[in-house]
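**Q** need a 3D model of the following:
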Amino acid sequence: MDRELLGGCLALASTPDRVALPPRAGWEQVQVGCACGGDAFRLIGWPHAATARGSLLWRTFSRAFREVHAALQPTEPVEAPFLLPLSAVCERCGREAWLLDRDPVPGRMPPEARDRPREAHRCRSCRRSGFAVVVALAAGPLATDRAAAEVRVRCRACHQSACLAAVDARPSERERRLDRLYGRREA
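**A** The predicted structure follows:
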């Protein structure tokens, strides 16, 4: 994986069993590590609620409602709570790196809108903020221009894992079928 997409952080060769996330078919994933040897990070970013339209009260209410709904309906896909890029701050040395803040990654927050307040992510279960970070990029024939990326985390204290930020600009199966039907895309 390109080190520039990791904001200068290192891609660790192996992940310890206690922080490893299950492999996913068609995705290239690496655990993020700092040059100082640390592998625990605090993550800071722009929540979707901060960039949505409406008043602060309405955005806060809708965010709380989505989180409750996600807990009650675990099989439905849930929108990731943060926008890309995310800032990863090493807990050992305090070095800050921006994850997935390069041109090949679509759907990032535009630089002119980055003056809005950011939030630090805390674990939903234990409320701690130290995480092992895994960056995943789509690989294979459908992954043109790194059109799909995720930042997944696992809490260092209680080992709960979550998708913190994601973007998927790949065409859907329906779009691919229509493109093949009309000759706009090869099989």
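**Q** for stretch 87-98, which outside residues touch it?
**A** By C-beta atoms under 8 Å, 6 or more residues apart in numbering, the surrounding residues in contact with stretch 87-98 are 6-9, 32, 34-38, 40-45, 85-86, 99, 118, 130, 133. Using the backbone N, CA and C atoms, a C-beta is placed for each residue, glycine as well.
**Q** among those, which ones are in strands?
**A** Val32, Phe41, Arg42, Leu43, Ile44, Gly45, Leu86, Leu99, Val133 (DSSP state E).
**Q** got a winner among the residues you listed for most neighbours?
**A** Using other C-beta atoms under 10 Å as the neighbour criterion, Phe41 leads these with 29 neighbours.
**Q** pLDDT score assigned to that residue?
**A** Looking at Phe41, its pLDDT is 94.
**Q** for it, which non-adjacent residue is closest in space?
**A** Spatial nearest neighbour of Phe41, excluding adjacent residues (C-beta to C-beta, 6 or more residues apart in numbering): Ala88 at 4.3 Å.
**Q** gap between Trp27 and Ser62?
**A** Distance, Trp27 to Ser62, by C-beta to C-beta, to the nearest Å: 30 Å.
**Q** part of a helix, is Phe65?
**A** Yes - Phe65 forms part of a helix when assessed by DSSP: H, G, I helix; E, B strand; the rest coil.
**Q** burial measure for it, as a count.
**A** 10.
**Q** please apply the same query to Gly38.
**A** So Gly38, with other C-beta under 10 Å, has 15 neighbours.
**Q** residues touching it, list them.
**A** Gly38 touches Cys90, Glu91, Arg92, Cys93, counting by C-beta under 8 Å, 6+ apart.
**Q** what subset of these is buried?
**A** Cys90, Glu91 (16 or more other C-beta atoms under 10 Å).
**Q** which secondary structure element is home to Ala88?
**A** strand 86-90 (DSSP states H and E).
**Q** ok now that strand, how far from the chain's centre?
**A** In terms of C-alpha atoms, centre = their mean, to the nearest Å, the centre of strand 86-90 is set 12 Å apart from its chain centre.
**Q** quick one, it and strand 41-45 angle?
**A** Angle of strand 86-90 versus strand 41-45, following axes from the mean of the first three to the mean of the last three C-alpha atoms, to 10 degrees, is 150 degrees.
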